[in-house]
Each structure stands twice: as structure tokens, then as C-alpha cells.
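Colleague: sequence and predicted structure below; questions after.
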2 protein chains.
Amino acid sequence: MEKKKGSLLTFRPDIKVVDATIRDGGLVNDFRFTEEFIRDLYLANVKAGIDYMEFGYKASKDIFDVNEFGPWKFCDEDSIRSIVGNNDTDMKIAVMADVGRCDYKHDIIPKSESVIDLVRVATYINTIPTAIEMVEYCKELGYEATINIMAISNAKESEIDEALELIGNSNADGVYLVDSYGSLYMEQIDELADKYLGMAEKYDKYVGIHAHNNQQLAFANTIAALTRGVSYLDATANGMGRGAGNCSTEQLLGFLKNPKYNIIPLLKFLEKHIIPLKKSGTVWGYNIPYLLTGQTNQHPRTAIAATKEGRTDFLNFYLELNDKD
Amino acid sequence: MEKKKGSLLTFRPDIKVVDATIRDGGLVNDFRFTEEFIRDLYLANVKAGIDYMEFGYKASKDIFDVNEFGPWKFCDEDSIRSIVGNNDTDMKIAVMADVGRCDYKHDIIPKSESVIDLVRVATYINTIPTAIEMVEYCKELGYEATINIMAISNAKESEIDEALELIGNSNADGVYLVDSYGSLYMEQIDELADKYLGMAEKYDKYVGIHAHNNQQLAFANTIAALTRGVSYLDATANGMGRGAGNCSTEQLLGFLKNPKYNIIPLLKFLEKHIIPLKKSGTVWGYNIPYLLTGQTNQHPRTAIAATKEGRTDFLNFYLELNDKD
């Protein structure tokens, strides 16, 4: 049975593009963006028709030293408002809250006092109960909330089934399929998307995808998922994100046929901010060590280290990855 | 109806990997590779289990000045033999012959005197009759021969149907689906692959794919095509090829589960030759201008020029691409 939603010439009103540049890109530069970068990205996103812009993490100041990171690691209400004011636009504001790394009861204020619209709770499969507790808390406060299950390429099908059933019975608005290691192929995305969508249709929720580019499949996997029926699509400007990076917004907007999306403001942003940022030595994107951690379904931390050190001894690196004694 | 051949854990004995590094990569550096580069690539390919290695073009010396290109633009028998001797290996040797740019009656000698196994005839859709004449000539001489139809993203379905029927009635061993502009999405690859395979099954031929990476879809489109039943897969070391380049051999070998393929010799080759080549200023691979020509289904020549000039005025470039008056 071939499931397919829409064709290359139709557009789907359920599609939402979520810009995660600051949040995932912040992992590259410890969230030290200039204010002009953030402001211009916000304005470009609004003009480009982006549906949500994720500003960063709601990270615990008990756990992380505020002096070691830029403000977008913490996303204080004042920080966001300094850019967006009351955000009198059609674009919604998102933040990410990591299970175990967020004082959510302290740091997440009632929606009525906040310019934030959506809280995305990031969790591993074994901490789903805590993630659901966080989601229920945020929903009580009046936010939209999703659960983003990370590192599913290392989870068993039965665990994913159980997690999805728990999420189905929660008040989460949506659930995200996250390819943390950039190891999944389109065929696996299809199967996972069907699984997630099965739960989502039963419980009236939406499904999102967050892809990584270790095997240069972030864009391919994103369009595979959307063809299957996934509707919330994460992307970042020029793919900026940890390690091999993400699905590029400029790739995704070129694909989507919905006339509300417009690539031009984004191209201007890339010219003005991304090219200088890359030239200044901020590094992300596909290379051989990331390919190899993706192929072997491993956390990219070893590849990030190899990239920082400028290692090109690919064979040794590969042998290290495969040494599991 | 979902057509799918094999799963992620099976391997298909019909799969053949064709290394096109010298031929497509030669378009980047005018075929000026060191002899050591070619020899090491040959040895790496043999060890990696590659099925065919394409050495370059059989280009006309009447049309092209031999002083302006390295020897792999012309692939004289002696040049190839200087690397492979009699090629006493399981790997076959291929060359490409372009319609209108090859003195095939002069330059292609009988197979009994040549170490070449396969002649791939590259053609646009309007020169298919000449391509077939060339294929019949090569088959008469004792070679394997394919027809590689370029730039199909700009051809009408009816033209492709007619071309395939002509090729079906020829003695060509196979036909190649070529995404010259890197503009096709997996969904289109699926449809084209089904069309090509329909003809191929009827006339007992095989189908190959040659993808370009303008939209970072070369690998994705290659695995989409092979999942559909395409069996000859072009790849190049680190994706080296014109403009945005090709499907990387290291990506493809990581995907294929056939134990005859081995990524290790290739990683050694990348370390020794590709990294220094890139450092020396030889440029290929994904960037924004290539993305934009891919998205707009255009020849990459404007993006190649923009890349050479180091242009980062993406918005102007985009507006130029869309100015079709």
C-alpha cells in the first residue's frame, strides 16, 4: 500500500515550517549570536512565511553557567521580547526544554505573561514519563507543547510503540520523529512516520520531523516524511546545527509549493549573516567523520572532536568507531 | 502498488557500482590528475569491490586540443594500459563517448585489442538515433554498451517514452537515468525508474542511475532508484564531479550490504588524495548557487561561474536565474 499525501504541485495546508537555527545552531557556537543576527533572522523568517521560530533552550541556570553561553541557551522572557516585542506577527515563537536540564517549574511562566507559544520537550525514550509531566505542566500554563523523542535509531520498535501510546494518552499537541545521529534512510523514515502517524491520527495529534545531515539525507528524509503525512518540518538556515547540521531552510522552501513561503528574505539573510559566520570559523556541515558516525548509528561526539582537530585520518577514525570491545 | 526490491539487510546480486571519479571529476580539473592518483584509485576500487571504473572520455582530438586537457579526456588505449596493464582483476573498465564529440569510428578499436569493457554513450534526447548508431558500432566491435540520456528533467514524458522504445529495440545492454541538473526529487526518480525499468524488463536490459548533488539528493536519489530496481549505480570518490558533484562512493558503500564491497580502501584513498586535492584549490560540492540551479531545473553553468568568482550575492544570482525574458 502506497501512502502519499499531496503531489509535487499541490500544497498541504497542514504543513508548518519550524526554523530551529538558533536552537540547533547554538550548539555550534554556544549560543553566542549577535543581536543583529537574531533580529535579522526573525525578520527574514516572518517575511519568508516560516510558521514557528525556535529561539533556543530553556536551560537550567543551576546546571549551566550563564557566563559560558549566550542568552539563547536560557531564553529568558526579556531576551526574546528584546527581539520580538509582543511578536505582532503570524509567526509563532518556540523554545526547547530538555528533560533533566530544565527547571521548568521555575523557568516556564504562564502563557498569559509570555510571548512564547510552543514548548518542545526533548527526551530520550527512557525519560518519556518525565517528558509527559513537563508537557502537562506546560499545557496547564496555556502553551502548545510537543514531545521530541531523540535517538530513536537506537531504540527498539516495542519501546517506540510504548512511548507513542503514552504520548497519545497525554495532552501533547504533537510528537517529533528525531534522527539524532543522522543515521536513518528514507525507507526507515517511511516506516517510522507511518508508526507515528498511526498514533497521531488515533489521538488527534500532529507529527513533526527533525533530521540531521550526517549522510546528506536531512532534506531527503524531511521530504520523505512530509510525503508520508508528517506536517511539522524542522529546518535551519544553511543547515546550521550540531555536527553535520540539519535540513536547510533554503532547500525546504524551494521544495514546498505553498505560495505563503518565500525564499528571497532567506537568501538575503544567508548573504548577510551566514557566509560571514562561516568565514569567521564557525564550522558545521557534512564531512567524512560525520558520515561515518551516521553510517554506524552513533552519537556524533567523536566526529565533532575529529572535525575540531582537523583530523583527516579517516581510516583510523573508522577503525576507532568500530572498536566496540 | 509499492514496488521494492530487497530490504536494508539483504543484498542484490544485480547491483553494480560504477566509479566515475576520473570521468566526472575530470570535468573539474580538465582531467589533469597525477598518475599516482589514477593508479591508487584503480587499486582502491579493485580492493573495494567496485564493479566498473570509468577512466574518462573518448573525446575527439579533432574537436579538443590534446594540450589543453589531461590524457583522460581522450583515454588512449596506451594511457589506460599504463595504469591497468591487462587489467587482470574482476573490475571492468569503462569509458564515455559523447554523441557529436567522439570520432568513434576512428578512436574505438576492436574489443579484442582493448582493455576497455564498456562504452557508455552520452546523449541528449534529440540525438538518440546517433547514440544508437554508436552503440551498434561498439556492440559489433565486441563491447558492452549503454545509452545515458542526459538532461531528462527538461524532456517531455512522451519524448522519453519514444527514446526508451528506440533503445529497447537496439542492442544496448543498458540505459541510464541521468539527473544532469540535480533537479529531480525522489518521487520523480521513482516514476522515471519505473518507466525505464518497464522498458528494460520487456527488452532484457538493465537500468543505471547517475545523480548530481545540487540539492544534496544525489545519494538519496541513488538509493531511491536502487530500491525501485535500478542496478547500475554511478558514484565518485567524495562526490568529485562537475559543479555540486555526484553521489559519493563512500556513502553508497556504507549503504550496500553486499559483503563484496569494502569501504576501507576508499577511506585510505580519500585521506591520501582527495583531501590534498581539495586543499590545493580544486573545487566541487554542494553550495547555494548549485542548489538554486537545481531547484529551478537549469544547467549548472551559471552556478559554476558564480562559484569560480566566489559570488555570495545569492539574491541577485537567484533573480538572474529567474529572469527568462
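Modeller: Cool, the structure landed. Numbers count the residues shown, from 1 in each chain, chains lettered A, B, ... in the order given.

Colleague: what about the residue of the stretch 201-325 of chain A found nearest chain B, which SS state?
Modeller: Of all residues in the stretch 201-325 of chain A, A:Ala220 sits closest to chain B, at 3.3 Å by C-beta to the nearest C-beta. Backbone N, C-alpha and C define where each C-beta goes, glycine included. State at A:Ala220, reduced to three classes by DSSP: H, G, I helix; E, B strand; the rest coil: helix.

Colleague: pLDDT score for it?
Modeller: Looking at A:Ala220, its pLDDT is 98.

Colleague: nearest residue to it other than its sequence neighbours?
Modeller: B:Ala220 (3.3 Å; C-beta to C-beta, 6 or more residues apart in numbering or on different chains).

Colleague: could you do A:Ser231 as well?
Modeller: A:Asp14 (4.3 Å).

Colleague: how many other residues sit next to that neighbour?
Modeller: 13 (other C-beta atoms under 10 Å in any protein chain shown).

Colleague: can you get me a residue count around A:His299?
Modeller: 13.

Colleague: what sits against A:Thr302?
Modeller: A:Pro289, A:Thr293, A:Phe317, A:Glu320, A:Leu321 (C-beta atoms under 8 Å, 6 or more residues apart in numbering or on different chains).

Colleague: now, which of those residues lie within helices?
Modeller: Among the contacts of A:Thr302, the members found in helices (DSSP state H) are A:Pro289, A:Thr293, A:Phe317, A:Glu320, A:Leu321.

Colleague: separate out the buried members of those.
Modeller: The neighbour count (16 or more other C-beta atoms under 10 Å in any protein chain shown) marks A:Pro289, A:Thr293, A:Phe317, A:Leu321 as buried among the ones in helices among the contacts of A:Thr302.

Colleague: surely the first one and A:Gln298 touch.
Modeller: No - under the criterion of C-beta atoms under 8 Å, A:Pro289 lies out of contact with A:Gln298, with a separation of 10.7 Å.

Colleague: chain center to the host helix or strand of A:Glu133: distance?
Modeller: Per DSSP states H and E: A:Glu133 is located in helix A:128-141. Centre-to-centre, helix A:128-141 and its host chain are 19 Å apart (C-alpha atoms, centre = their mean, to the nearest Å).

Colleague: against which helices or strands is the next helix or strand after it packed?
Modeller: Downstream of helix A:128-141, the next assigned helix or strand under DSSP H and E is strand A:144-149. Where contact means 3 or more C-beta pairs under 8 Å, 6 or more residues apart in numbering or on different chains; DSSP states H and E, strand A:144-149 is packed against strand A:118-123, helix A:128-141, helix A:157-168, strand A:174-178, strand A:206-210.

Colleague: I'd like the ones you listed laid out as CSV, including distance to chain B.
Modeller: Putting the helices and strands packed on strand A:144-149 into CSV (distance: least, C-beta to the nearest C-beta, whole Å) gives the following:
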stretch, distance to chain B
strand A:118-123, 25
helix A:128-141, 26
helix A:157-168, 14
strand A:174-178, 17
strand A:206-210, 15
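
Colleague: dump the ones you listed into JSON lines; add mean neighbour count and mean pLDDT as well.
Modeller: Shown next, in JSON lines, are the helices and strands packed on strand A:144-149 (neighbours: other C-beta atoms under 10 Å in any protein chain shown; pLDDT from 0 to 100):
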{"stretch": "strand A:118-123", "mean neighbour count": "26", "mean pLDDT": "98"}
{"stretch": "helix A:128-141", "mean neighbour count": "19", "mean pLDDT": "98"}
{"stretch": "helix A:157-168", "mean neighbour count": "16", "mean pLDDT": "97"}
{"stretch": "strand A:174-178", "mean neighbour count": "24", "mean pLDDT": "98"}
{"stretch": "strand A:206-210", "mean neighbour count": "25", "mean pLDDT": "98"}
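
Colleague: do a quick rundown of the strands in chain A.
Modeller: A:16-19, A:52-57, A:92-98, A:118-123, A:144-149, A:174-178, A:206-210, A:232-235 (DSSP state E).

Colleague: could I get the average pLDDT for stretch A:105-117?
Modeller: Average pLDDT, stretch A:105-117: 98.

Colleague: against chain B, how distant is A:Cys102?
Modeller: Using C-beta to the nearest C-beta, to the nearest Å, A:Cys102 is found at 33 Å from chain B.

Colleague: could you report the pLDDT at that residue?
Modeller: 97.

Colleague: how many neighbours does it have?
Modeller: Count around A:Cys102 with other C-beta under 10 Å applied: 23.

Colleague: didn't it look like it was pressed against A:Asp62?
Modeller: No - look at A:Cys102 against A:Asp62 with C-beta under 8 Å: they stay out of range, at 10.2 Å.

Colleague: how big is the angle separating the helix holding A:Glu133 from strand A:118-123?
Modeller: Helix A:128-141 runs at 170 degrees relative to strand A:118-123, counting by axes from the mean of the first three to the mean of the last three C-alpha atoms, to 10 degrees.

Colleague: just the CA trace of helix A:128-141, in CSV.
Modeller: Extracted in CSV, the C-alpha atoms of helix A:128-141 (Å, rounded to 0.1, in the frame of the first residue of the first chain):
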residue,chain,number,x,y,z
ILE,A,128,9.2,9.7,28.5
PRO,A,129,7.3,9.8,31.8
THR,A,130,9.1,13.0,32.9
ALA,A,131,8.6,14.5,29.4
ILE,A,132,4.9,13.9,29.8
GLU,A,133,4.9,15.5,33.2
MET,A,134,6.6,18.6,31.7
VAL,A,135,4.2,18.7,28.8
GLU,A,136,1.2,18.5,31.1
TYR,A,137,2.7,21.3,33.1
CYS,A,138,3.2,23.5,30.0
LYS,A,139,-0.3,22.7,28.7
GLU,A,140,-1.8,23.7,32.1
LEU,A,141,0.0,27.0,31.7
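
Colleague: that helix to helix A:157-168, inter-axis angle?
Modeller: Going by the same axes, to 10 degrees, helix A:128-141 makes 20 degrees with helix A:157-168.

Colleague: ok, the closest residue to A:Ser112 other than its chain neighbours - contacts?
Modeller: Once flanking residues are discounted, A:Ser112 sits nearest to A:Gly142: 6.3 Å by C-beta to C-beta, 6+ apart. Contacts for A:Gly142 (C-beta under 8 Å, 6+ apart) come out as A:Pro110, A:Lys111, A:Ser112.

Colleague: any of the residues you listed buried? List them.
Modeller: Members of these classed as buried by 16+ other C-beta under 10 Å are A:Lys111.

Colleague: out of the contacts of A:Gly142, who's nearest chain B?
Modeller: A:Lys111 (37.1 Å).

Colleague: so who does that closest one touch?
Modeller: A:Asp117, A:Leu141, A:Gly142, A:Tyr143.

Colleague: what's the pLDDT at A:Lys4?
Modeller: 64.

Colleague: ok, now A:Lys257?
Modeller: So, for A:Lys257, pLDDT stands at 85.

Colleague: for it, what are its contacts?
Modeller: Applying C-beta under 8 Å, 6+ apart, the residues near A:Lys257 are A:Leu8, A:Leu9, A:Thr10, A:Phe11.

Colleague: let's have those in a markdown table, adding neighbour count and distance to B:Val84.
Modeller: Output for the contacts of A:Lys257, formatted as a markdown table (neighbours: other C-beta atoms under 10 Å in any protein chain shown; distance: C-beta to C-beta, whole Å):
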| residue | neighbour count | distance to B:Val84 |
| --- | --- | --- |
| A:Leu8 | 11 | 44 |
| A:Leu9 | 6 | 48 |
| A:Thr10 | 9 | 51 |
| A:Phe11 | 14 | 53 |
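
Colleague: contacts with chain B among those residues, please.
Modeller: Filtering the contacts of A:Lys257 for proximity to chain B by C-beta under 8 Å from any C-beta of the partner chain leaves A:Leu8.
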